[in-house]
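Q: I need the structure of the sequence given here:
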Amino acid sequence: MTESSYLAAVRESYDTVAADYAAVVKPPADLDPLSRAMLATFAELVRTAGRGPVADLGCGPGKVTSHLADLGLSVLGIDLSPKMIELARRAFPGLHFAVGSMTAPPIRDGELGGILAYYSTHHTPPELLPAVFAGFRRAPGGHLMTAGYVGDDELLRPTRAYGGHPVSYESHLVPPDRIATLLAQAGLVVTARLLQEPDEGTKRTVCTFLATKPEES
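A: The predicted structure follows:
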């Protein structure tokens, strides 16, 4: 897939499944203790740094965005799917949401204190991850948290999802060591890595990274 075709597939697929996705995806309060703890740690790091707002890239229906706001952050939710943003605005009218891609989010360099990419980078073809991670440098001196499923270069091509709706996106499960390397190559310093093995709650391995972008010299 080219960059434009993969973005179109993601947008169209999530517009199609938006309502059922919002109904079945757990709110952060119902996540496992480690996932909740990592989100809380990220929020504390951003609050302590006393910097600008956080961009929740790939925010979906806004549940995690709202959770970050409850943890005391100023936060903007951004998602490629207009239907997801419509649901997020309806569910959380007091928060800010915008349609946009993590490859070119509607934010200016240096205006953020943090970036969250929560289960939202796996649709990106691996060869485009360096450009996406380079974009995470929009928060100089700020904090990054990214989390998602990982694997041994697995490519998933589901045809239906979330209530049996047709989808055309791909999911790329990249080894966590490569993700760490790509983050470092993008100029980000990885400060923590949490690997959660599959259990009764999930069928796949999950890896969460915390990283910082050093101040510009």
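
Q: all contacts plus neighbour counts: C-alpha atoms, from now on.
A: OK.

Q: where do the helices sit along this structure?
A: Along the chain, counting by DSSP state H, helices occupy 3-24, 33-49, 63-70, 82-91, 129-135, 176-185.

Q: out of the ones you listed, which is closest to residue 153?
A: helix 176-185 (10.0 Å; Cα to Cα).

Q: would you mark the buried spots in the closest one?
A: Within helix 176-185, the residues scored as buried using 16 or more other Cα atoms under 10 Å are 176, 179-180, 182-184.

Q: residue 47: which of those is nearest?
A: residue 183 (22.5 Å).

Q: so who does the closest one touch?
A: 130, 133-134, 189-190 (Cα atoms under 8 Å, 6 or more residues apart in numbering).

Q: would you write a PyMOL line that selects the buried entries of the residues you listed?
A: Buried subset of the contacts of residue 183, written as a PyMOL selection, criterion 16+ other Cα under 10 Å:
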select buried, resi 130+133+134+189+190
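
Q: okay, and the beta partners of the residue nearest in space to the middle of the chain?
A: The centroid of the chain falls nearest to residue 117 when counting by Cα atoms, centre = their mean (2.1 Å). Per DSSP bridges, the residues bridged to residue 117 are residue 146.

Q: OK, contacts around it?
A: With Cα under 8 Å, 6+ apart, residue 117 has these contacts: 56-58, 144-147.

Q: nearest to residue 84 among the residues you listed?
A: Closest to residue 84, out of all of these and judged by Cα to Cα, is residue 58, at 9.4 Å.

Q: show me the contacts for the closest residue in space to the closest one that isn't next to it in sequence.
A: Distances taken as Cα to Cα, 6 or more residues apart in numbering place residue 79 nearest to residue 58, at 4.5 Å, with adjacent residues excluded. Residues near residue 79 by Cα under 8 Å, 6+ apart: 57-60, 85, 98-102.

Q: the residues you listed into a markdown table, with extra columns for neighbour count?
A: Shown next, in a markdown table, are those (neighbours: other Cα atoms under 10 Å):
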| residue | neighbour count |
| --- | --- |
| 57 | 26 |
| 58 | 25 |
| 59 | 28 |
| 60 | 30 |
| 85 | 26 |
| 98 | 21 |
| 99 | 18 |
| 100 | 19 |
| 101 | 17 |
| 102 | 22 |
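
Q: which of those residues sit farthest apart?
A: Taking Cα to Cα as the measure, the contacts of residue 79 span a maximum distance of 14.2 Å, between 85 and 102.

Q: if we can go back for a sec, just so I know, which of the helices of the chain lies nearest residue 108?
A: Judging these by Cα to Cα, what sits closest to residue 108 is helix 129-135, at 10.7 Å.

Q: how close does the residue lying closest to residue 176 once chain neighbours are set aside get to residue 49?
A: What sits nearest to residue 176 in space, not counting adjacent residues and going by Cα to Cα, 6+ apart, is residue 150, at 6.2 Å. Noted for residue 150: a distance of 29 Å to residue 49, by Cα to Cα, to the nearest Å.

Q: where are the low-confidence patches of the chain?
A: Within the chain, the segments meeting pLDDT under 70 span 1-3, 109-110, 139-140, 200-201, 216-217.

Q: can you redo the helices of the chain as CSV with distance to residue 166?
A: Listed next are those as CSV, based on distance: least, Cα to Cα, whole Å:
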stretch, distance to residue 166
helix 3-24, 7
helix 33-49, 29
helix 63-70, 23
helix 82-91, 16
helix 129-135, 26
helix 176-185, 29
